[in-house]
Structures are given as structure tokens and as C-alpha cells.
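>>> attaching a predicted model along with its sequence, questions to come.
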Amino acid sequence: MPRRPPGRTAHAPEVAWWPERPLPPPPEPPGRAAAGAALWPWSLRGLSETLEVVALALLMFLAVRAVAQNFIVDGRSMEPTFAHGELLIVNKLAYASVDLSWLPGGSEEEWRPFGEPAVGDVVVFRFPGERERDFIKRVVAVAGQTVRVEDSFVYVDGVRLAEPYVSEPPTYRVEARLVPEGSVFVLGDNRNNSFDSHSWGMLDASLIIGRAEFRYWPLSAIGGVDHVRQPLAAAEGVSRSPSTAR
């Protein structure tokens, strides 16, 4: 009888008591078409929502810009009313016009639902000589009025303006001028340090961007802009205070 090699024992083979089942095959990686089908609906939905947000933000931005615009005061021409570096909100609808000539029986004149420039208004406009630059001045005469500067006072239709906002009386003289249709005559409140209509003439009203309405910087001066709707001071021939021009 054959012998087993020393140091080795015989064992009976192990038999499992449950039936063996084949393992499921590993899942195949999704193909490009399957991946696109899984991601595309989400991407399309996300893209649509993003475009809606961008369109709404753009619409709001354009709507705000159509109504108002912020400006920074550059220079001293409007002292003491405005100082250099102050921030303002300008109402762009203040003098907005609507053409009604296309309506049956409509007038050829433009309709201004919010009014027209008036004496005392502080306006921001594109400088006639260099339209990339924006100026801020005060309207002292409008179309159809005669304006002149004499003896340190401004006269409109022969009546001296009451101007509590000026820093000092003007030291220059302007001959009487009739403001033509579609124009205004503007001066800076710092009369002797302002490049305005006394230097370069009438301002075409179409160059007006809007009326200054609100100052929001500095915080110590925050508030609405006073356009000084005061009556004319006195008719010619009435005694007035002596000139303080220097």
C-alpha cells in the first residue's frame, strides 16, 4: 500500500451547502449618446434660467438708465451749490419729449409730459464744443426771453433775478441777447469761475441730458436739489443794493 509523504495529511474537499450563482457582469460605461441624454435636459434648463436672469438684469439696467443717471461734479463752477467730487442723480425724463405728429390731427410740436427747462433749473448737458464732456450749470433764461448781465446782476426781460445761490456777483458784462427757440442760457453759480453761456453762447436744449434731482454723496449733504423757483427780484429802475463786484 502506498504511503503518504511525511508531514502531509489528506482532507476531504469542501462542498458549499448553497447553490452557486453566477456574478452579474460589471456595468458598461455609458456611451457618449447616453451621457448627453442624461446631461442635456439639465443643461438646457440651467441655460434657460441663466438667460432669463441675465435678460431681466439687462432690462432693469436699461430701464433705470432711461430714467436716471449718476454724475460726479468735476470742478468748482457750481460752488457753493455743489462742491467738487459730489455725486448726483440726474432725472433724464424731466424734459423728455414725445413726437405726436404721426397721430391724426396731431400737432407738429413735441409734447413734453414732464415740462420744459425753467429758470432756476440745474441741468446736466453735453458741452456744445466737445460733446464727450458733460457740464452742470443753472438755467437763467429760456426761449423767448431777453437776458443780459450788467452791474453785477442778471436781468431777464428787464427784471433782475433774485439769486441767493451765487457765490459772488459776476464781474463780467453780457449785452442783451434774445434766447432763440430751442435754446436756453446757462450760468454757473460760481459766476467768475465758470465756463458757460457768457463765454460760448446759447445752449441748444437738445443737448440737455436731464435735471439734477438728488445728491447722494457726501452723506452730510444728502438730499434733493433746490432749483430755486423764486420770483424775479425787482423791475428796472427800482433801487438795489450797491455792486460788490471785485
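Cool, got the structure.

>>> from what I see, residue 170 and residue 149 are in contact.
Yes: between residue 170 and residue 149 there is a contact under C-beta atoms under 8 Å: 5.5 Å. Yep, even glycine has a C-beta here, placed from its N, CA and C like the rest.

>>> spit out the residues that contact these two alike.
Counting by C-beta atoms under 8 Å, 6 or more residues apart in numbering, the common neighbours of residue 170 and residue 149 are residue 198.

>>> wait, is residue 175 part of a strand?
Yes: counting by DSSP: H, G, I helix; E, B strand; the rest coil, residue 175 is part of a strand.

>>> just the pLDDT for the closest residue to residue 206 other than its chain neighbours.
Spatial nearest neighbour of residue 206, excluding adjacent residues (C-beta to C-beta, 6 or more residues apart in numbering): residue 182 at 7.0 Å. At residue 182, the pLDDT value in this model is 93.

>>> list the contacts for residue 182?
143, 204-206.

>>> burial count for residue 121?
24 (other C-beta atoms under 10 Å).

>>> hmm, I was thinking of residue 89
There are 18 residues near residue 89, going by other C-beta under 10 Å.

>>> and if you look at residue 110?
As a measure of burial, residue 110 has 12 neighbours, counting by other C-beta under 10 Å.

>>> wait, it sits on residue 116?
No: Residue 110 lies out of contact with residue 116 (C-beta under 8 Å); the separation is 9.9 Å.

>>> all the helices of this structure, in order from the start?
Listed in chain order, the helices of the chain (DSSP state H) span 32-67, 197-200.

>>> grab the nearest non-local neighbour of residue 178.
Here the residue nearest residue 178, using C-beta to C-beta, 6+ apart, is residue 146, at 5.2 Å.

>>> just to revisit the earlier point, in terms of mean pLDDT, which of the helices of the chain ranks lowest?
Among these, helix 32-67 carries the lowest mean pLDDT (a mean of 64).

>>> tell me which residues touch residue 207, please.
125-128, 131.
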